[in-house]
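In: got a predicted structure here, sequence first:
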Amino acid sequence: MIDGSRLPLEDNIRLTLKAKELAAARDATLEAEIGRVGGDEGMGQVRDSCTRPEEALAFWRQTGVDALAVAIGNAHGNYRFAPELQFDILETIHNTVDCPLVLHGGTGISFADFRRTIDLGVRKINIDTDLRLASTGAMRRMMAEKPSEFDPRKFFSATVDAMKQICIDRYEAFGTAGNADKIRPISLEKMVSHYK
């Protein structure tokens, strides 16, 4: 993943092409971002920070990235207000760019909106903040319920269980539950070789 989205378009393209060379040398795929994820969401200027479909097409044609993260009113972190996703922009990008689309800032997006983004070409949704919230929430609950507990392994066990449940809920919402057999396995040796 390379994020040059805060750069002017031509600079983002140059940076992404450098990252593509590095990825290709390691037989890795490359995800890049265009548009401003996390800008002025909730402040009445969401559309101004969205990915412009014509720029997404130019970016994709010049870089040939394997996946493209777009800004459609989504934001990193936790939303102060329910996001208003710009589905018309997503649909236009989906109809013009021939690669999987990515949605960063998936925490706080409704399950109905998740399904709609998937219908419009999104193939990866980031939910890190959901996982962090579940993890720290579980730890806080355990500390409140068992203030004399001092074994960190028990706290970590509770956080893992909470994060597992978030993953299960999201896989069901995304319509991917039960599809593990369709995932292309990668050998441990190949995975490790990417980091040498």
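Out: Right, received. Where do you want to start? Nothing here was measured: the structure is a model prediction, and the numbers come from that model.

In: okay, now the domains of the chain?
Out: The chain is divided into the following domains under automatic domain parsing: 1-126, 128-180.

In: can you pull out the helices in the protein?
Out: Listed in chain order, the helices found in the chain under DSSP state H are 9-25, 46-49, 53-63, 87-96, 111-119, 128-145, 152-174, 188-193.

In: these two touch, right, Met163 and Leu131?
Out: Yes. A contact is recorded between Met163 and Leu131 when judged using CB atoms under 8 Å, the distance being 4.9 Å. For glycine as for every other residue, the C-beta is placed from the backbone atoms N, C-alpha and C.

In: re the thing from before, which of the domains of the chain sits most buried?
Out: Of all the domains of the chain, domain 1-126 has the most neighbours on average by mean count of other CB atoms under 10 Å, namely a mean of 18.

In: run the chain-centre distance for that domain.
Out: The chain centroid and the centroid of domain 1-126 are separated by 9 Å, computed with CA atoms, centre = their mean, to the nearest Å.

In: pLDDT at Tyr195, what is it?
Out: According to the predicted model, the pLDDT of Tyr195 comes to 45.

In: Cys50 contacts Ala71, doesn't it?
Out: Yes. Cys50 is within contact range of Ala71, at 5.2 Å (criterion: CB under 8 Å).

In: closest to the centroid, which residue in this structure?
Out: Compute the mean C-alpha point of the chain, and by CA atoms, centre = their mean the closest residue is Asn126, 2.7 Å away.

In: got the contact list for that one?
Out: With contact taken as CB atoms under 8 Å, 6 or more residues apart in numbering, Asn126 is in contact with 102-106.

In: swap in Ala67?
Out: 29-32, 99-102, 123-124.

In: and which of these is nearest to Asp66?
Out: Sorting the contacts of Ala67 by distance to Asp66 puts Thr29 at the head of the list, at 4.0 Å, by CB to CB.

In: how far away is the closest residue to the closest one other than its chain neighbours from Glu84?
Out: Taking CB to CB, 6 or more residues apart in numbering, and ignoring the residues beside it in sequence, Thr29 has Asp66 as its nearest neighbour in space, at 4.0 Å. Asp66 sits 29 Å away from Glu84, taking CB to CB, to the nearest Å as the criterion.

In: many thanks, have a good one.
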